[in-house]
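[1] What follows is a protein structure lacking sequence information:
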């Protein structure tokens, strides 16, 4: 395997372990074993488990934003695009690989000293908020910046609550409930 492919393979294997069994419950030796590589190979790609976790989080976030953007883009503009985030979450929930939000899972295991990972998670959540702001501004006419922030912030909180609660209850009712509440955020606005 070429170096870039091996690098991505390590991120993928470690990320799957972090997501399914937890960051703290996943040891370096298990990652090495599942990847079928030597310890020196792992450390030639990543200086630490923390660096590997950051690479995993960055990969998941980039993939999520791209896939969500593509998903929303295939919807008719207006209300359909504004609510598509919940339809996307519904599809994620229905997949066998759903274990809740990857960022929230890692966040729940962080110690106060792990500020680098915390910083990455905060940056990603802010980027998601900005992404939602773009979706709002593209689908609602004549809306102020403050109103965009209010609507996108509401969508963000509904999404984050729905992903966490659907995992907690092993049921998709939180996603349906969030989607049914979301239109109240943009009621009275000029939805395209």
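    Nice, I can see it. These figures come from a predicted structure and were not determined experimentally.
[2] C-alpha from now on. contacts and neighbour counts both.
    Fine.
[3] Tell me where this protein has helices.
    Secondary structure of the chain (DSSP state H): helices at 3-21, 28-35, 39-45, 49-73, 79-94, 102-107, 115-139, 145-169, 173-181.
[4] Could you list the residues in contact with the shortest one?
    Which is helix 102-107. Under the contact criterion Cα atoms under 8 Å, 6 or more residues apart in numbering, helix 102-107 has outside partners 18-19, 22-23, 57, 60, 118, 121, 164.
[5] can you do 7 Å?
    Under the criterion Cα atoms under 7 Å, 6 or more residues apart in numbering, residues 19, 23, 118, 121 lie in contact with helix 102-107.
[6] Turn the helices of the chain into TSV, columns for mean neighbour count.
    Output for those, formatted as TSV (neighbours: other Cα atoms under 10 Å):
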stretch	mean neighbour count
helix 3-21	18
helix 28-35	16
helix 39-45	14
helix 49-73	17
helix 79-94	18
helix 102-107	18
helix 115-139	17
helix 145-169	18
helix 173-181	17
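[7] closest to residue 192 out of those helices?
    With Cα to Cα as the criterion, residue 192 lies closest to helix 115-139 of those, at 5.4 Å.
[8] Give me the distance between that closest one and the centre of its chain.
    Put simply, helix 115-139 sits 10 Å off its chain's centre (Cα atoms, centre = their mean, to the nearest Å).
[9] Could you do stretch 132-143 as well?
    Relative to its chain's centre, stretch 132-143 lies at 21 Å (Cα atoms, centre = their mean).
[10] All set now, cheers.
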